[in-house]
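**Student:** model this:
(one chain, ligands or ions: 3)
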Amino acid sequence: MKVDVLLGLQWGDEGKGKVVDVLTPKYDVVARFQGGPNAGHTLEFEGQKYVLRSIPSGIFQGDKVNIIGNGVVLDPALFKAEAEALEASGHNLKDRLHISKKAHLILPTHRILDQAYEAAKGDAKVGTTGKGIGPTYTDKVSRNGVRVGDILCDFKQKYESAKAKHERTLESLNYKYDLTELEQAWLEGIEYLKQFKFVDSEHEINNLLIQGKSILCEGAQGTMLDIDFGSYPFVTSSNTVCAGACTGLGVAPNKIGEVYGIFKAYCTRVGSGPFPTELFDKTGDEICTLGHEFGSVTGRKRRCGWIDLVALKYSIMINGVTKLIMMKSDVLDGFETIRACVAYNVNGEEIDYFPYDINEKVEPVYVDIPGWQTDMTKMQSEDEFPEEFNAYLSFLEEQLGVEIKIVSVGPDREQTIERYTEE
Ligand code: GDP
Ligand code: IMO
Ligand code: MG
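**Tutor:** Ligands and ions are numbered 1, 2, ... in the order given. Coordinates of the predicted model:
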């Protein structure tokens with residue numbers, strides 16, 4: 001067996017949580033491979049809405065095993081709050097949520113360092129989620145991190161030593177902070193975490209594959225936020241791309257099966273950084289309002305713009321996407337004309353590839369497409385799609401070179417349409 005990977009192709013918030021939940025019945029196991037509580041994955045079903053941050057989105061469908069892989073960074077305090085809320089709503093997690101011993105812990109001082117570094121950057125700040133993601137991955141790479149497995153051995157000494165290093169850095173930055181409450185909640189989180197099964201997830205996953213079990217790997221953030229291929233330095237600190245599933249779970253490259261790439265029918269971005277198709281006008285506001293584009297973690301207003309096919313093609317190339325999934329098409333239901341960026345104009349020269357430097361000199365070149373002007377939110381099958389919508393899908397498939405297999409027409413689990421095009 002091989003694993004399938006599902007990941008975002010834009011700047012995050014494409015709707016990964018919703019689709020993982022929809023696809024979960026087809027799989028035995030769902031595994032998160034990178035990121036941490038910077039993620040906010042929203043699911044809606046039976047009139048309820050849930051936002052998941054560290055827990056994989058396969059947790060609601062039956063009794064499937066969900067794994068938090070080694071590539072994830074975990075904040076025990078936030079994990080406790082998230083897991084307890086789910087347990088209170090009747091979802092039992094303890095037996096079927098497994099956590100990699102190699103996942104790194106986000107310390108309270110990592111969160112403070114995140115804020116301190118952002119404050120020090122002033123106008124050049126990344127606009128992080130403030131969850132300590134960057135400092136935790138920095139410690140991982142510089143070999144100073146504390147891992148979940150350390151909870152079982154010499155934990156106090158490892159924690160105190162890491163904390164002391166962070167405190168020295170904070171002192172050198174002259175950053176004022178109060179650790180007391182954060183630390184107390186965090187230590188309670190550590191105790192809570194001990195009730196879960198800590199695993200060697202690379203062994204678990206490879207053994208499951210040998211047993212013929214099917215596994216869906218859930219990405220967080222999006223390709224344009226990838227530490228290597230995103231709009232650096234305005235990125236997150238992990239590999240959000242498909243290769244991240246290999247390093248974040250211990251899956252060999254030849255064990256990757258389908259790669260589901262998710263994108264919105266338009267584009268959003270939260271935080272700082274370049275965004276060539278960003279709209280600053282009434283249309284941008286309209287997309288924001290219709291799409292309820294506010295961050296599920298921070299509540300920040302998401303920046304909105306037209307779909308960027310140059311960036312999407314780049315993402316598809318980097319990830320080896322085999323199936324596309326288009327989300328939030330209903331948000332464009334009322335538009336007379338829809339625009340798609342097919343090239344960039346850079347200093348008078350038109351280019352159709354994603355360049356090294358995306359700055360304010362990059363101007364999008366648009367193609368205008370007639371809108372479908374039909375309420376699609378109650379549609380059940382592709383047979384009901386309006387002609388203009390089918391034309392839009394064909395245009396995108398032709399430009400992107402990959403078939404769009406699923407179309408989402410609303411936030412609810414039920415508002416998902418699979419397309420039965422020939423394989
Ligand atoms: P994720 O981080 O990729 O899981 O995405 P988020 O949950 O942060 O953001 C996606 C938002 O869009 C959530 O509020 C979803 O409930 C919502 N959503 C997902 N799919 C659709 C859709 O097809 N139409 C509409 N209108 N909303 C959707
Ligand atoms: P999901 O999984 C959208 C953005 C932040 C910031 C940058 C770095 O819900 O799609 P970080 O806290 O990771 O150091 O912030 O990345 N960012 C996201 N944007 N969706 C996310 O996750 C994000 N996670 C991080 O806004 O610009
Ligand atoms: Mg999100």
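**Student:** Go through the helix ranked longest in the chain and flag the buried ones.
**Tutor:** Looking across the chain with DSSP state H, the single longest helix is helix 155-172. Under the neighbour-count criterion of 16 or more other Cβ atoms under 10 Å, helix 155-172 has Lys158, Tyr159, Ala162, Lys163, His166, Leu170 buried. To be clear about C-beta, it is placed using only N, CA and C from the backbone, and glycine gets the same treatment.
**Student:** again with stretch 90-106
**Tutor:** Quick answer for stretch 90-106 (16+ other Cβ under 10 Å): Leu93, Arg96, Leu97, His98, Ile99, Ser100, Lys102, Ala103, His104, Leu105, Ile106.
**Student:** residue boundaries of the strands in the stretch 201-350 of the chain?
**Tutor:** Taking DSSP state E, counting those that start in this stretch as the test, the strands found in the stretch 201-350 of the chain are 215-218, 256-264, 267-269, 303-305, 307-308, 323-327, 337-346, 349-351.
**Student:** between those strands, which one is nearest to Asp375?
**Tutor:** For Asp375, the closest of the strands of the stretch 201-350 of the chain is strand 337-346, at 15.7 Å, according to Cβ to Cβ.
**Student:** Check which residues of that closest one are buried.
**Tutor:** Using 16+ other Cβ under 10 Å as the test for burial, strand 337-346 gives Ile338, Arg339, Ala340, Cys341, Val342, Ala343, Tyr344.
**Student:** Direction included, what does that strand pair against?
**Tutor:** strand 307-308 (parallel), strand 349-351 (antiparallel), strand 362-370 (antiparallel) (DSSP bridges).
**Student:** Tabulate these in CSV, adding columns for mean neighbour count, distance to ligand 3 and mean pLDDT.
**Tutor:** Below are the strands paired with strand 337-346 laid out as CSV (neighbours: other Cβ atoms under 10 Å; distance: least, Cβ to the ion, whole Å; pLDDT from 0 to 100):
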stretch, mean neighbour count, distance to ligand 3, mean pLDDT
strand 307-308, 26, 18, 98
strand 349-351, 11, 30, 95
strand 362-370, 16, 24, 97
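**Student:** Tell me which of the ones you listed sits nearest to Gly222.
**Tutor:** It is, among the strands paired with strand 337-346 and with distance given as Cβ to Cβ, strand 307-308, at 11.9 Å.
**Student:** so how far is that closest one from its chain's centroid?
**Tutor:** The gap between where strand 307-308 is centred and where its chain is centred comes out at 18 Å by Cα atoms, centre = their mean, to the nearest Å.
**Student:** Check stretch 186-199 too.
**Tutor:** Computed by Cα atoms, centre = their mean, the separation of stretch 186-199 from the middle of its chain amounts to 24 Å.
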